[in-house]
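Undergrad: Okay, sequence plus prediction incoming.
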There are 2 protein chains.
Amino acid sequence: MFKFELLKKSRNTGGRIGRIETAHGKIDTPVFMPVGTQATVKAMMSEEMENLGAQIILSNTYHLYLRPGHEIIKELGGLHRFMNWKRPLLTDSGGYQIFSLADLRTKFTDEGVTFQSHLDGGKKHFLSPEIAIEIQEALGSDIMMVLDECTPYPADAKKARDSMELSLRWAKRSLDARKSENALFGIVQGGMHKNLREEYIDRLLEIPNSKFRTSGSDFDGFSIGGLSVGEPIPIMYEMAEICTERLPKEKPRYLMGVGTPEDLLECIDRGIDMFDCVMPTRHARNGYLFTANGDINIYNAKFAKDSKPIDESCECHTCKNYSRAYLRHLMQAKEILASRLSTLHNLHFYLDLIRHAALALGEDRYPEFKNNFLRERKENVC
Amino acid sequence: MFKFELLKKSRNTGGRIGRIETAHGKIDTPVFMPVGTQATVKAMMSEEMENLGAQIILSNTYHLYLRPGHEIIKELGGLHRFMNWKRPLLTDSGGYQIFSLADLRTKFTDEGVTFQSHLDGGKKHFLSPEIAIEIQEALGSDIMMVLDECTPYPADAKKARDSMELSLRWAKRSLDARKSENALFGIVQGGMHKNLREEYIDRLLEIPNSKFRTSGSDFDGFSIGGLSVGEPIPIMYEMAEICTERLPKEKPRYLMGVGTPEDLLECIDRGIDMFDCVMPTRHARNGYLFTANGDINIYNAKFAKDSKPIDESCECHTCKNYSRAYLRHLMQAKEILASRLSTLHNLHFYLDLIRHAALALGEDRYPEFKNNFLRERKENVC
């Protein structure tokens, strides 16, 4: 079950407000999706993610396929029950992980990809568009992704086109393989080539409907992939905008793996509805903390006796109860609580940022909101 | 501020019910004190420790002296504020850590001990009875320990006596050094020698009163140290009993660093009021989980598809929300949440065990309670 409703097109911005409905509840867009790679958002309990206001979590097909195995998760009632998460889940297709761990990949054909696992000592595995769907359906994902090839950066027009042709064939096969009514998103690749991005979208939309749809594209939404792979940031924004301009207005657009707080606001401005990124959680574990007044490296010696919270205006549990000095101590002592308190703060920052962005969109004051936010962070670098 | 009231001597057991009052609140005894070595019970927030019903936490002087430094903690308002823990705190003297990390110790005299830190690359530090008190007072500990030498095991009568004489001189100096009204416990050593343990207690009680007391011993309570250092378990029980029989009834007795659930029940039976041990927390992080029906190693392959909780009769948050299969997966994937869920369960088990023990003492059915518990665990080893 999947429905997307575009509620509002905000003034003086490409930004939009929407609502997704799934079997596990509604999602207000724009939305940031915290990453729970191995069936857990690192350091967090599912109940805490709910309390933070996370509406949906992303989990990684590649990791769960390898460990504990999708069959086991299916047998235990699906990923929601496994990790005690009652709200929607989105899964990637596993393709990105195989490509990004490329030295472990052994063979790559039109049929699919044969790779060696980073876990089980070189055992060979095979992933095809059909298998990627089978795994995601076994997990019980609310929003699935087609298997695609993440076009590397840089890639010339020839290379990007070859990659595109393969991913388009896989997109068709992914659609055909779907057995459930879980949502399936197409993924737009095309490298940094405007014409390829546009052609890609046109051809994705032309893929014949499968049994589950009667009109329009068979894809429930569209992901924009192959960005944030090393290209200059202005190019990323440009490519995102090229895609959102051409994608159908009535479907959600998901920018994969992006990004910084600045990226989020810029890309909401360009019509993106959904984001995921490991940045808030991974940075947290390394002591890098986000604030509206510029970011903080908590290891910095100047925080050793600092009794203030990370951010005095922040309403998160960490900021209301713990000092920078304590957090710095925990981080230096490599205490688990350091990761917990930092992750909690950074996730709160990201989720709260998007809530405020949505509010600004609703009240037609997004450009002002965005510019204020960007300026505050630039001017007050700690 | 410190007061101990012996509320009840239970029937058919040496077990007792008491109540301690401190500036940070009351403690019902018998009590188990979770260990928060570096100003955090590993993997847990202070708020969660409160919710688990922990009445008091132990923290380690040695670790906090080295990092972040007691002066910094004092400047930040003391250890309670630093770690956001509102209930009582007990600190050890730091001696045990120096002795147990013996290759790092450089020099040892009647005056004190010069040692190299395991943290700052060989920098020399000096700890004396006076400094140990100064540090604990800077931390704002509710219950402080005298500096002593932990007599190694085995130690012949000569060696144990030499160690005893030193520790007794240090006990006197610790008392003299105290500037606050925080409680100070004497520590009974004496190795595995009955006569030395008894002589030790007699001489501790004879130490002249300092300015803070007008009658009786100047120590607010007595710790039993130098046990659980490698001796056979029956010897440990015997030594604990020798001590409790001779110690004044009107003061609390604290058995340091003990132990298994079985040890706790056996030593409550012998008149111990207070315990601390890293076992529930450390074992949790290694996947070893306590249950009333025998303990579990969650790594065991038989739990891979087990949808049951760790213990079906357990009321902890972990058991009410997560399966053995999920916990095993998290543990194998080295996820932080594995440590969190396991620690939460094991601490709940320990704290709940003591609550039930206290109930049984109150209702004069302790021997039956203890025997049932021991039998259940023995018969149902998983």
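TA: Structure's in. What do you need?
Undergrad: got the buried residues for the helix or strand hosting A:Lys158?
TA: In this assignment (DSSP states H and E), A:Lys158 forms part of helix A:157-177. Buried positions in helix A:157-177, judged by neighbour count with 16 or more other Cβ atoms under 10 Å in any protein chain shown: A:160-161, A:163-164, A:166-168, A:170-175, A:177. For glycine as for every other residue, the C-beta is placed from the backbone atoms N, C-alpha and C.
Undergrad: how about A:Cys277, what does it touch?
TA: Residues counted as contacts of A:Cys277 (Cβ atoms under 8 Å, 6 or more residues apart in numbering or on different chains) are A:32, A:35, A:257-259.
Undergrad: Among these, which lie within strands?
TA: Residues of the contacts of A:Cys277 located in strands (DSSP state E): A:Phe32.
Undergrad: Identify, from the contacts of A:Cys277, the entry nearest to chain B.
TA: Among the contacts of A:Cys277, A:Val35 lies closest to chain B (Cβ to the nearest Cβ), at 12.9 Å.
Undergrad: Which strand residues bridge the closest one?
TA: Counting by DSSP bridges, A:Val35 forms beta bridges with A:Leu58.
Undergrad: Pull the number of nearby residues for it.
TA: Neighbours of A:Val35 under the rule other Cβ atoms under 10 Å in any protein chain shown: 20.
Undergrad: repeat for the one 3 residues further on
TA: Number of residues near A:Gln38 (other Cβ under 10 Å) recorded here: 21.
Undergrad: Can you classify it as helix, strand or coil?
TA: coil (DSSP: H, G, I helix; E, B strand; the rest coil).
Undergrad: just to revisit the earlier point, so which elements touch the helix holding A:Lys158?
TA: Contacts defined by 3 or more Cβ pairs under 8 Å, 6 or more residues apart in numbering or on different chains; DSSP states H and E place helix A:157-177 against helix A:129-139, strand A:183-188, helix A:194-206.
Undergrad: what's in contact with the shortest one?
TA: If I follow you right, that is strand A:183-188. Contact partners of strand A:183-188, identified using Cβ under 8 Å, 6+ apart, comprise A:2, A:22, A:93, A:133, A:142-146, A:148, A:167, A:171, A:174-175, A:178, A:197, A:200-201, A:204, A:207, A:217-226, A:243, A:247, A:254, A:256.
Undergrad: ok, now stretch A:2-22?
TA: Counting by Cβ under 8 Å, 6+ apart, the neighbours of stretch A:2-22 from elsewhere in the structure are A:1, A:26-31, A:88, A:142-143, A:181-183, A:220-221, A:241, A:244, A:249-252, A:268-271, A:273, A:357-358, A:360-362, A:364, A:366-367, A:370.
Undergrad: 6 Å instead?
TA: A:26-29, A:88, A:142, A:183, A:220, A:252, A:268-271, A:273, A:361-362, A:364, A:366-367 (Cβ atoms under 6 Å, 6 or more residues apart in numbering or on different chains).
Undergrad: In contact with A:Asp92, which residues?
TA: Applying Cβ under 6 Å, 6+ apart, we find A:Asp92 in contact with A:60-61, A:145.
Undergrad: Mind doing that once more with 7 Å?
TA: If you count contacts by Cβ atoms under 7 Å, 6 or more residues apart in numbering or on different chains, A:Asp92 has them with A:58, A:60-61, A:145.
Undergrad: Also A:Thr318?
TA: A:310, A:341, A:344-345 are the contacts of A:Thr318 under Cβ under 7 Å, 6+ apart.
Undergrad: Using JSON lines, lay out these together with neighbour count.
TA: Listed next are those as JSON lines, based on neighbours: other Cβ atoms under 10 Å in any protein chain shown:
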{"residue": "A:Ile310", "neighbour count": "25"}
{"residue": "A:Leu341", "neighbour count": "28"}
{"residue": "A:Leu344", "neighbour count": "23"}
{"residue": "A:His345", "neighbour count": "27"}
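Undergrad: quick revisit: just name the most buried of the helices and strands packed on helix A:157-177.
TA: Ranked by mean neighbour count under mean count of other Cβ atoms under 10 Å in any protein chain shown, those are led by strand A:183-188, which reaches a mean of 28.
Undergrad: before we move on, the earlier item: how about TSV for the helices and strands packed on helix A:157-177, with distance to B:Gly122 and mean pLDDT added?
TA: Output for these, formatted as TSV (distance: least, Cβ to Cβ, whole Å; pLDDT from 0 to 100):
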stretch	distance to B:Gly122	mean pLDDT
helix A:129-139	52	98
strand A:183-188	55	98
helix A:194-206	59	97
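Undergrad: Which of those sits closest to A:Tyr237?
TA: helix A:194-206 (13.0 Å; Cβ to Cβ).
Undergrad: can you give me the angle the closest one makes with strand A:183-188?
TA: 150 degrees (axes from the mean of the first three to the mean of the last three Cα atoms, to 10 degrees).
Undergrad: what's the angle from helix A:194-206 to helix A:157-177?
TA: Interaxial angle of helix A:194-206 relative to helix A:157-177 (the same axes, to 10 degrees): 20 degrees.
Undergrad: Using CSV, list the CA coordinates for helix A:194-206.
TA: Written as CSV, here are the backbone C-alpha positions of helix A:194-206 (Å, rounded to 0.1, in the frame of the first residue of the first chain):
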residue,chain,number,x,y,z
LYS,A,194,22.1,16.8,-18.2
ASN,A,195,20.8,15.1,-21.4
LEU,A,196,21.3,11.6,-20.0
ARG,A,197,19.5,12.5,-16.8
GLU,A,198,16.6,13.8,-18.8
GLU,A,199,16.6,10.8,-21.2
TYR,A,200,16.8,8.5,-18.2
ILE,A,201,13.7,10.0,-16.7
ASP,A,202,11.7,9.9,-19.9
ARG,A,203,12.6,6.2,-20.5
LEU,A,204,11.9,5.3,-16.9
LEU,A,205,8.4,6.7,-17.3
GLU,A,206,7.9,4.7,-20.5
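Undergrad: for the next helix or strand along the chain from that helix, what is the average pLDDT?
TA: Next along the chain after helix A:194-206, taking DSSP H and E as the criterion, comes strand A:221-224. Mean pLDDT, strand A:221-224: 98.
Undergrad: can you give me the helices for the stretch 251-382 of chain A?
TA: Per DSSP state H, counting those that start in this stretch, the stretch 251-382 of chain A carries helices over the ranges A:261-269, A:279-285, A:317-321, A:324-332, A:336-362, A:366-379.
Undergrad: Surely A:Val35 touches A:Val278?
TA: Yes - A:Val35 lies in contact with A:Val278 (Cβ atoms under 7 Å); the separation is 4.9 Å.
Undergrad: Next secondary structure after the helix or strand of chain A with the lowest mean pLDDT?
TA: Sorting the helices and strands of chain A by mean pLDDT, DSSP states H and E puts strand A:105-108 at the bottom, at a mean of 68. Using DSSP H and E, the helix or strand that follows strand A:105-108 in sequence is strand A:113-116.
Undergrad: Show which residues not belonging to stretch A:57-74 make contact with it.
TA: Under the contact criterion Cβ under 7 Å, 6+ apart, stretch A:57-74 has outside partners A:33-39, A:41, A:49, A:79, A:82, A:85, A:89-94, A:97-98, A:117, A:119, A:132, A:135-136, A:138-139, A:276, B:304-305, B:325, B:329, B:332-333.
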